[in-house]
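# Here is my input, please return the structure:
(one chain, ligands or ions: 2)
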Amino acid sequence: SRSLVIGGCAMLDNDQAQVVAHDDGPAAVLAGAGSGKTRCTTERAARRLTESGVSSDGLMLLTFTNKAAAEMRERLRSRLPKQLALPWIGTFHSFGNRLLRSYGKTIGIPKNATLMDADDAGRMLDAFLAAPFPDKTRRIDAVRLNEAINAHGLDITAEADRPAIEHLCDKAGFSGHLLRGVLTALTRYEKEKRRAGILDFSDLILLPARLLRKDEALQERLRQQLRDVTVDEAQDTDGAQFRLLKLISPHSRTVLLVGDDDQAIYEWRHARPENMRDFIDEYGATIYRLERNYRSTPAIVTGGAALVRHNENRLEKNPYAVRKAPERDGVRLIHYDDSDTMAEGVADRIHAATAQGTSPGDIAVLYRKNRLARLIETALLRRAIPYRIKAGTDLLSYADVRMMLAAGRLAINRRDVRALSRLADLVPGLGAKGVGQMIAAGDDPLQHTGRLSAKAAKGVGELASALEQLYRDGPDKLLHWCENTGLFRSWLQQRAKNSLKAAGRPIDRSELELALRPAKGRMGAIQRAMSKRLETAARNASLDERWATGLEVIAGGTDEAETDQPKVTLCSIHASKGLEWPIVHVFGFSDGLMPMAREDTVENLPEERRLAYVALTRAQNQIVLHHAERIDLGTGGGAEEMQVSRFMVEINRGHQIELIDRRQGKSTPDNEESQKPPKTGWRKCVRPSTHNPNRQCLIPYCLTRQHGTTR
Ligand code: ATP
Ligand code: MG
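Ligands and ions are numbered 1, 2, ... in the order given. The predicted model follows:
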C-alpha cells in the first residue's frame, strides 16, 4: 500500500494518514491493538499545531494514565519546533484537578484540599454506613452503589439527580427504609469531605463538571479556548467523564474519540464502552478504522485475534501483522508445580535474556493481581535484576506508600482526619481510640492530646513537629522525611520484621535489609513521580499548590519517571494498557486468575477475555505465558489449585503455542522432541512450530478435556 511521509520522517499508511489529516468536526477512531491509534493521535496533534494554526493552549490530549501522557508529551516534543509550547496532555483526573485548583473557590473548594486514595475513601464511607447497615456485605454493596452514582456523574446533594440516583439504589437492592439509610449515609459522607477539605477520586471529575455548570462564563471561555480535543483509550471512559467532555466540547467542536472496544477492561469500575457509540450517534462523528498491526509478530496478532473473537457484540476486525516473523517469533506456555518455582522460572528466563544482551527495559512481567508481584520481586532481587513496579494506582495498594502519602496529606491539611487515622500506626500506644478522642476534641486534632496516655501524647507531639517540618520542606522532601523520621523508620522496620517472621525466615541484618528494599523502592518511585510532576508545575506556585500538585499522583496513579538505568517492568495487566515491550511474561496464566474467579464463578467472562487480549497484545516479539498448578496469592489461605487458563484453547486455534514443562520429574529440556511426552497432561501436537520446523509441540490434555467445546 502507498504510504505518506509527514514532516520528513514518520511513515504512515493510507488509513492512518486520513486520521492525521482530519481537520474539523467530531471523529472516532476505532481500531485494534497496535494499529497505531496513539501514534496517529500525536502525529495529528503535531500537524494541527504546526500546519493548521491551532495554538498550544487550544489543543488538549486526554488519556488514561500519566505514563501514557508522559509518552505522548515526549513524542510530541520531538516532533515540534523548539519555540512551540506543548499543549496540555494528561488524564481526565488531572485535567479536573487543574480546573479545581484554579477555579475551585467558586464552589467552595480550598486550595489546600487534599486528595485521598480509594482505600481511605472506602473506610471513611464505611464509617458512615456502619450504623444503618451492621451487615458487612450490605456495606460493600453500598460502597459499590456510591461508585456507580459517581461514575454516572450524579450529584447526591442535587434534587434534580434524585430520580436517577434512586433508580440506581433500587437496582442495587436498596429500597424502602434501606433507601433512606443509604441516601443519608452517602450525603453525610459528601458533607464530611467538604468539611474536612478532602477530595476523593470522583470529586476530580464531578466537581469540575459542577463548577462549569455553575460558572457559565468560565465554561464559555474554556469552550472558546479548547478548539481541538482528543481522548485516547476512550472505551474506558465512564459516564461522568463523558459528561465533563460534553461540557467542554459541544457538538460543533473538533473532538476525537480514539479506542478499541476489545480493550474495554474497566466495566467493573463502571466504564461505559457505549460512550464511543453514543458519541458517534450524538455528534454525528466521522469514523476511521485501522487494520494493520505494526506492533507484534504474526503469531501474536493471530493469537490475540483468535482469542477475542470468542466475545459477542463486538466490532468485527481483521487485523493483520505488517511485521514479518523474526526468528524468535511466538507464543509459549510454561507449566510449573507452584507459584514459587514459577517466579524463579520467570526470573531465570529474564536473567538468561539479559545475559545474552537483551536490555531489562525491553522486558515486562504482567499479572492479574498485584499480590503476585511480591513473588517476582523477591526472585528478581535475588538475581540483582533491576526492576520497577509500573503502577497505575497499584502502588497505592501498599501500606508503606499509603503511609507516606498520608504524611504528606496531613502536613498540608491538618483537618484531613483520614490521613490522621492512617498515621495512628506510627505512634506507639495511640491506636484508633486515641485518634477518635483527638478528632472528637476539635478542628486541629493534633493539638488535642489532653486525653491521651503520656506515651501517646509524646508521640503525637513528635509527629506534629515532624509534620510541620515536612510541610515547610515541601513535597520534594517527602521520601527524605520518611527515611529520617524516627517514628516512620521504626514502623517500616517493624513491618519488615513481621513479614520475615511470618515467612519463617531468620531475621538477621542482611535479611532485614533485603526485606526493606521493596518498600524503599516503592516510596522512591512515588517521590520520583512527584518530583517529575513538580518540574512541569509552576516553580513559583505557593507551598499549598506545590503540595497539591505533588499529591496529585494519588489521582492519576503514579508512574515512576524513567531513570537512566533500564529496568524490567512489573505491572498489572490493567495498568499495561497502551504500552508495549519486546518481551512480555504473563505471570499466572491460570484459570481462577485469568479469568479471575471468586468462589469458582467468573463475574464477567467477556471482560476477562478482553483483559487477556490486552496482555497478549502488549508483546512485540515474544509472549511467554506462565502457569502453575498451585498458586499462593499471599492471602494467608495457602496455595490454591489451578488449571491452565481456559483461554489457552481459544488462543491456540489458528496457530500453535509452544509448550514447555517445568514440573518436577516432568521437565522438558529445550529440545522437546527428544523427550517423550509425559502421560498425564500433555499430548503431542502434530504441527511444527514456526521457528523450528522439526519441532513438535505439546498440548496439555486438560485443554481438550476440561473446557470442552469452543467455537
Ligand atoms: P493500543 O491499542 O495497544 O493502544 P495503538 O493502536 O495505540 O495500540 P500504537 O501504540 O500507536 O498503537 O502503535 C503500536 C506500535 O506500532 C508503535 O510502536 C508504533 O510506533 C508502531 N507504528 C504505528 N504505526 C506505524 C507505521 N505506520 N509504521 C511503522 N510503525 C508504526
Ligand atoms: Mg494506544
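
# Spit out the contact partners of whichever residue of the stretch 1-150 of the chain sits closest to ligand 2.
Residue nearest to ligand 2 within the stretch 1-150 of the chain: T38 (3.2 Å; CB to the ion). Just so you know, the C-beta spots here come from the backbone N, C-alpha and C atoms, and that holds for glycine as well. Taking CB atoms under 8 Å, 6 or more residues apart in numbering, we find T38 in contact with 63, 68, 72, 232, 258, 578.

# Could you do E377 as well?
387, 389, 518, 570.

# helix or strand for the residue of the stretch 1-150 of the chain closest to ligand 2, which one?
helix 37-51 (DSSP states H and E).

# Alpha carbons of that helix, as PDB, please.
C-alpha atoms of helix 37-51 as PDB (Å, rounded to 0.1, in the frame of the first residue of the first chain):
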ATOM      1  CA  LYS A  37      -4.100   4.800  17.200                       C
ATOM      2  CA  THR A  38      -1.900   6.600  19.700                       C
ATOM      3  CA  ARG A  39       0.700   7.300  17.100                       C
ATOM      4  CA  CYS A  40      -1.800   8.900  14.800                       C
ATOM      5  CA  THR A  41      -3.100  10.900  17.700                       C
ATOM      6  CA  THR A  42       0.300  12.500  18.400                       C
ATOM      7  CA  GLU A  43       1.100  12.900  14.700                       C
ATOM      8  CA  ARG A  44      -2.200  14.700  14.200                       C
ATOM      9  CA  ALA A  45      -1.600  16.900  17.200                       C
ATOM     10  CA  ALA A  46       1.800  17.800  15.700                       C
ATOM     11  CA  ARG A  47       0.300  18.600  12.400                       C
ATOM     12  CA  ARG A  48      -2.500  20.700  13.900                       C
ATOM     13  CA  LEU A  49      -0.100  22.800  15.900                       C
ATOM     14  CA  THR A  50       2.400  23.300  13.100                       C
ATOM     15  CA  GLU A  51       0.200  23.500  10.000                       C
END
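
# Please identify the buried residues of it?
For helix 37-51, a neighbour-count test (16 or more other CB atoms under 10 Å) marks 37-49 as buried.

# Tell me the pLDDT of W581.
The confidence metric pLDDT takes the value 96 at W581.

# hmm, back to that, the helix or strand just after the helix holding T38 - contacts with which helices or strands?
Using DSSP H and E, the next helix or strand after helix 37-51 towards the C-terminus is strand 59-63. Packed against strand 59-63 by the contact rule (3 or more CB pairs under 8 Å, 6 or more residues apart in numbering; DSSP states H and E) you find helix 37-51, helix 66-79, strand 88-91, helix 92-103, strand 228-231.

# longest strand of this protein?
Using DSSP state E to define each element, the chain has its longest strand at strand 619-632.

# can you pull the alpha-carbon coordinates of that one into CSV?
Below are the C-alpha coordinates for strand 619-632, written out as CSV (Å, rounded to 0.1, in the frame of the first residue of the first chain):
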residue,chain,number,x,y,z
ALA,A,619,4.2,-8.0,23.2
GLN,A,620,6.2,-7.1,20.2
ASN,A,621,8.4,-10.2,19.7
GLN,A,622,7.7,-12.8,22.4
ILE,A,623,4.9,-13.6,24.8
VAL,A,624,5.5,-16.2,27.5
LEU,A,625,2.5,-17.4,29.5
HIS,A,626,3.4,-18.9,32.8
HIS,A,627,1.1,-21.3,34.6
ALA,A,628,1.5,-23.1,38.0
GLU,A,629,-0.7,-25.8,39.4
ARG,A,630,-0.6,-24.3,42.9
ILE,A,631,-0.6,-20.6,43.3
ASP,A,632,-0.1,-18.8,46.6
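
# circling back to that earlier point, need the contacts of T38 in a markdown table (columns: distance to A615 and neighbour count).
Output for these, formatted as a markdown table (distance: CB to CB, whole Å; neighbours: other CB atoms under 10 Å):
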| residue | distance to A615 | neighbour count |
| --- | --- | --- |
| T63 | 20 | 26 |
| A68 | 17 | 22 |
| M72 | 22 | 24 |
| D232 | 19 | 26 |
| V258 | 21 | 26 |
| G578 | 13 | 21 |
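
# mind putting these in TSV, distance to ligand 2 and pLDDT included?
As requested, those are arranged in TSV below (distance: CB to the ion, whole Å; pLDDT from 0 to 100):
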residue	distance to ligand 2	pLDDT
T63	8	91
A68	7	84
M72	10	91
D232	6	97
V258	7	97
G578	4	92
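
# could you dump these to CSV with distance to ligand 1?
Below are the contacts of T38 laid out as CSV (distance: CB to the nearest ligand atom, whole Å):
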residue, distance to ligand 1
T63, 10
A68, 8
M72, 10
D232, 7
V258, 8
G578, 4
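
# Strands of the stretch 301-450 of the chain, residue ranges please.
For the stretch 301-450 of the chain, the strands defined by DSSP state E, counting those that start in this stretch occupy 320-321, 330-338, 363-367, 387-390.

# next one: the stretch 601-711 of the chain
Under DSSP E, counting those that start in this stretch, the stretch 601-711 of the chain gives strands at 619-632, 639-641, 658-661, 682-689, 692-700.

# elements contacting the longest helix along the chain?
If you go by DSSP state H, the chain has its longest helix at helix 509-536. Helices and strands touching helix 509-536, by 3+ CB pairs under 8 Å, 6+ apart, are helix 66-79, helix 373-382, strand 387-390, helix 399-412, helix 478-484, helix 486-502, helix 543-551, helix 553-556.

# Return the alpha-carbon coordinates of stretch 202-215 using CSV.
The C-alpha trace of stretch 202-215 is given here as CSV (Å, rounded to 0.1, in the frame of the first residue of the first chain):
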residue,chain,number,x,y,z
SER,A,202,-14.6,11.0,41.7
ASP,A,203,-14.6,14.6,43.1
LEU,A,204,-11.9,15.4,40.5
ILE,A,205,-14.5,14.7,37.7
LEU,A,206,-17.8,15.6,39.4
LEU,A,207,-16.7,18.9,41.0
PRO,A,208,-15.2,20.4,37.8
ALA,A,209,-18.5,19.5,36.0
ARG,A,210,-20.4,21.2,38.7
LEU,A,211,-18.1,24.2,38.5
LEU,A,212,-18.6,24.5,34.8
ARG,A,213,-22.3,24.3,35.1
LYS,A,214,-22.3,27.0,37.8
ASP,A,215,-19.8,29.3,36.2
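
# Next, the buried residues of that stretch.
202-212.

# Of these, which pair is most distant in space?
Greatest spatial distance among these (CB to CB): S202 and L212, at 15.9 Å.

# still on that earlier bit, closest to G486 among the contacts of E377?
For the contacts of E377, the nearest to G486 is P518 (21.5 Å; CB to CB).

# For the closest one, grab the count of nearby residues.
If you count neighbours by other CB atoms under 10 Å, P518 ends up with 19.

# what does the stretch 201-350 of the chain put close to ligand 2?
Within the stretch 201-350 of the chain, not a single residue sits near ligand 2 (CB under 5 Å from the ion).

# Tell me where the model's unsure across the stretch 201-350 of the chain.
326-329 (pLDDT under 70).

# Minimum distance to ligand 1, which residue of it gives it?
Closest residue of the stretch 201-350 of the chain to ligand 1, CB to the nearest ligand atom: Y294 (3.3 Å).

# For the residue nearest to that residue when sequence neighbours are not counted, give me the backbone phi and psi.
Distances taken as CB to CB, 6 or more residues apart in numbering put V322 closest to Y294, at 5.2 Å, once the chain neighbours are dropped. Here is the backbone geometry of V322 (degrees, to the nearest 10): phi -80, psi -30.

# Now do the contacts for V322.
292-294 are the contacts of V322 under CB under 8 Å, 6+ apart.

# returning to that earlier point: now the helix holding T38, how far from the chain's geometric center?
25 Å (CA atoms, centre = their mean, to the nearest Å).
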